[in-house]
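**Q** Here you go, sequence then predicted model.
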Amino acid sequence: MIRRYRLASLFRKCSIKVKAKETSTPSGPALRYDYKAFATELGARLREIRKASGLTLRALQIDHNYHLSQIQRVEKGDGISLPTLLRMAETYQVPVERLVEGLGIVSEGVEPHSKTSKK
């Protein structure tokens, strides 16, 4: 693990200049995501990719060491952790960008539904 002071010395040695964080806000509308829609759409996309690649739930369980309930929860849209998402991308040999591209984006004027909302 590289300590903070070592990073500064590496930046100086490599002559990398760290760009200052911009404080101005973008001129357009803010980009918003709906977590529940994201998880549901991601689960459906993972199921499609699994079926297209010819893998069964049993094959994922035996050959790739996934737990059956884990796969079912993810494909149902109950959410996924980042390490699991990366592992599934490796299993299916698909870039992560392809898995998450365009998922859960909230259109302007539509209220997002999150797990934490009390509606």
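**A** Thanks, I have it. These figures come from a predicted structure and were not determined experimentally.
**Q** correct me, but residue 57 touches residue 73?
**A** No - the criterion here is CB atoms under 8 Å, and residue 57 misses it with residue 73 at 12.0 Å. Just so you know, the C-beta spots here come from the backbone N, C-alpha and C atoms, and that holds for glycine as well.
**Q** any common contacting residues for these two?
**A** Common contact partners of residue 57 and residue 73 (CB atoms under 8 Å, 6 or more residues apart in numbering): none.
**Q** Same question for stretch 44-54: list its buried residues.
**A** Buried positions in stretch 44-54, judged by neighbour count with 16 or more other CB atoms under 10 Å: 45-47, 49-50.
**Q** quick one: average confidence on that stretch?
**A** Here stretch 44-54 scores 95 as its mean pLDDT.
**Q** contacts for that stretch?
**A** With CB under 8 Å, 6+ apart as the test, stretch 44-54 has contacts from 60, 74-75, 77, 88, 92, 94, 99, 103.
**Q** Going by neighbour count, which of the residues you listed comes out on top?
**A** Neighbour tally across the contacts of stretch 44-54 (other CB atoms under 10 Å): the maximum, 23 neighbours, falls on residue 88.
**Q** Tell me which helix or strand that residue sits in.
**A** Using DSSP states H and E, residue 88 falls within helix 82-92.
**Q** OK, contacts around residue 104?
**A** Residue 104 makes contacts with 33-35, 37-39, 41-42, as judged by CB under 8 Å, 6+ apart.
**Q** what's the closest non-adjacent residue to it?
**A** Of all residues not flanking residue 104 in the chain, residue 38 sits nearest, at 2.7 Å (CB to CB, 6 or more residues apart in numbering).
**Q** Helix or strand: which one has the one you found?
**A** Under DSSP H and E, the secondary-structure element containing residue 38 is helix 35-52.
**Q** so where's this protein uncertain?
**A** The model of the chain has pLDDT under 70 over residues 1-29, 108-119.
**Q** circling back: contacts for the helix or strand following the helix holding residue 38?
**A** For helix 35-52, the following helix or strand on the C-terminal side (DSSP H and E) is helix 57-63. By CB under 8 Å, 6+ apart, the residues outside helix 57-63 that reach it are 50, 66-68, 71-72, 91.
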